[in-house]
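Peer 1: Predicted model and sequence below, questions to follow.
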Amino acid sequence: MSNAGSQVLFLGELPFWLKISQSIVEAPSSSFQICRAHSLTDALRRLHAEQWQAILLDLSHPSAQELLAARKLHDELDSVPVVALLPIADPKFQEAAVAAGAASSLVLADVNVASLQHALVTAINAETLRNSSRKVSLMSYSFERASVDGRPVSKLDAISHAVNNLLCVINANADILFDQLDPGHNAARSVTQIKKATKSASDLIRLLKTP
């Protein structure tokens with residue numbers, strides 16, 4: 001899967017990798033490049049050293065729980081969303097995926113080009129929204145601290161920061177959607193217009209804040 005800007009790391013057993021490999025063959029122009037980690041050590045090394053947009057993690061793999069534990073100890077690992085790969089459609093595996101903090105999940109029997117891309121896009125979107133929520137929370141805390149310290153914060157500043165965060169989420173999702181579309185697809189023009197609109201809105205906010 002050809003776009004180096006959307007790299008996905010896989011750690012799992014052979015049945016999953018065979019199905020994922022088939023999906024790669026069937027969709028050579030997909031926006032996701034999926035690479036296989038050959039061991040837990042290899043996965044952790046690559047997650048620390050390289051940029052990844054998601055992790056495809058087979059929960060039946062012996063090292064799955066160790067990787068999940070490592071994510072909780074390192075912020076840079078925790079920021080990479082996990083797609084849980086489940087060997088069977090069993091409630092226990094679904095509960096395990098939720099407990100692991102997986103942003104989406106996929107059962108082995110259901111793995112194909114469409115379901116794989118949908119699970120990855122869902123996970124990346126969820127992480128984008130989570131990051132946006134974190135930024136809004138930190139921003140709110142900063143405003144509260146500024147008020148406590150006696151430095152008044154204008155309502156315009158508070159609103160503009162919040163709107164800018166929303167625009168960032170819209171723009172990030174538009175980027176992800178655009179990567180899924182063929183350049184000749186009718187919807188590609190609409191996505192481009194959305195991106196132009198978010199940029200115009202950001203420029204307008206900057207103008208409003210300019211003395």
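Peer 2: Arrived safely. Residues are numbered from 1 along each chain as shown.
Peer 1: the strands in the protein, which residues?
Peer 2: Using DSSP state E, the strands of the chain run over 7-11, 33-36, 54-58, 82-86, 104-107.
Peer 1: Would you reformat those as TSV and include mean neighbour count?
Peer 2: Any C-beta I mention is one placed from the backbone N, CA and C, and that applies to glycine too. Shown next, in TSV, are the strands of the chain (neighbours: other C-beta atoms under 10 Å):
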stretch	mean neighbour count
strand 7-11	21
strand 33-36	16
strand 54-58	25
strand 82-86	26
strand 104-107	21
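Peer 1: For the chain, give me the ranges with low pLDDT.
Peer 2: 1-5, 28-30, 129-158, 160-162, 164-165, 169, 179, 209-211 (pLDDT under 70).
Peer 1: Quick one, which of the strands of the chain gets closest to Leu44.
Peer 2: strand 7-11 (9.6 Å; C-beta to C-beta).
Peer 1: how about the helices of the protein, start to end?
Peer 2: Along the chain, the segments classed as helices by DSSP state H run 14-26, 40-49, 64-73, 75-78, 91-99, 113-148, 155-180, 186-209.
Peer 1: Looking at those helices, which is nearest to Ile34?
Peer 2: Among the helices of the chain, if distance is taken as C-beta to C-beta, the winner is helix 14-26, at 6.0 Å.
Peer 1: just to revisit the earlier point, and the strands of the chain as TSV, adding distance to His74?
Peer 2: Shown next, in TSV, are those (distance: least, C-beta to C-beta, whole Å):
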stretch	distance to His74
strand 7-11	15
strand 33-36	20
strand 54-58	13
strand 82-86	14
strand 104-107	21
